[in-house]
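Colleague: I would like to see how this sequence folds:
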Amino acid sequence: MVPKKNRLPLQTVLRAARNSADAVRTPLFILVKRRNGMPVNRFGVLVPKKFDKRSSKRNALRRALFRAAQTDGLRTPASKAAGTDIAVYISPRASGEPRDRVVEEVRAAVRRILKPRT
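Modeller: Residues are numbered from 1 along each chain as shown. Predicted structure coming up:
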């Protein structure tokens, strides 16, 4: 389970995905990054009902994405990109793709977007 302080509220995810020009858009997902002014990173995932009508499938993908975020160290306050909100909106087109492929593409996009600019 992800600690509550690291969970991005769902309404914030929706607002961020709609109103942000600073987003990575792919056929499988939209990833939005913004500063949150807090000492911790927060991560939110929205998997719409159009992805799959079964909540078990939607929740399995959501859990896999949260697990990937935790193992990549995105939740640690010592991270160079601490104080960042990351919202991921999964596209309904991703329903035909294997879960591992979606998770790996999101993981690569998060690494790319959090990479410190030199």
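Colleague: tell me where this protein has helices.
Modeller: 10-19, 55-71, 99-114 (DSSP state H).
Colleague: and residue 92, which of those is closest to it?
Modeller: Closest approach to residue 92 among those (Cβ to Cβ): helix 55-71, 10.9 Å. The way it works is simple: take the backbone N, C-alpha and C, and place the C-beta from them, glycine included.
Colleague: residue closest to the middle of this protein?
Modeller: Residue closest to the mean C-alpha point of the chain, counted by Cα atoms, centre = their mean, is residue 88 at 3.5 Å.
Colleague: can you count the residues close to the closest residue in space to that residue that isn't next to it in sequence?
Modeller: Counting by Cβ to Cβ, 6 or more residues apart in numbering, residue 88 lies nearest to residue 45, which is 4.9 Å off, once chain neighbours are set aside. Counted by other Cβ atoms under 10 Å, the residues lying close to residue 45 total 23.
Colleague: tell me who's in contact with residue 45.
Modeller: Applying Cβ atoms under 8 Å, 6 or more residues apart in numbering to residue 45 gives the contacts 13, 61-62, 65-66, 87-88, 90.
Colleague: output these in JSON lines, with distance to residue 25 and pLDDT appended to each entry.
Modeller: Shown next, in JSON lines, are these (distance: Cβ to Cβ, whole Å; pLDDT from 0 to 100):
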{"residue": "13", "distance to residue 25": "15", "pLDDT": "64"}
{"residue": "61", "distance to residue 25": "19", "pLDDT": "91"}
{"residue": "62", "distance to residue 25": "20", "pLDDT": "91"}
{"residue": "65", "distance to residue 25": "17", "pLDDT": "89"}
{"residue": "66", "distance to residue 25": "21", "pLDDT": "87"}
{"residue": "87", "distance to residue 25": "13", "pLDDT": "85"}
{"residue": "88", "distance to residue 25": "12", "pLDDT": "87"}
{"residue": "90", "distance to residue 25": "12", "pLDDT": "91"}
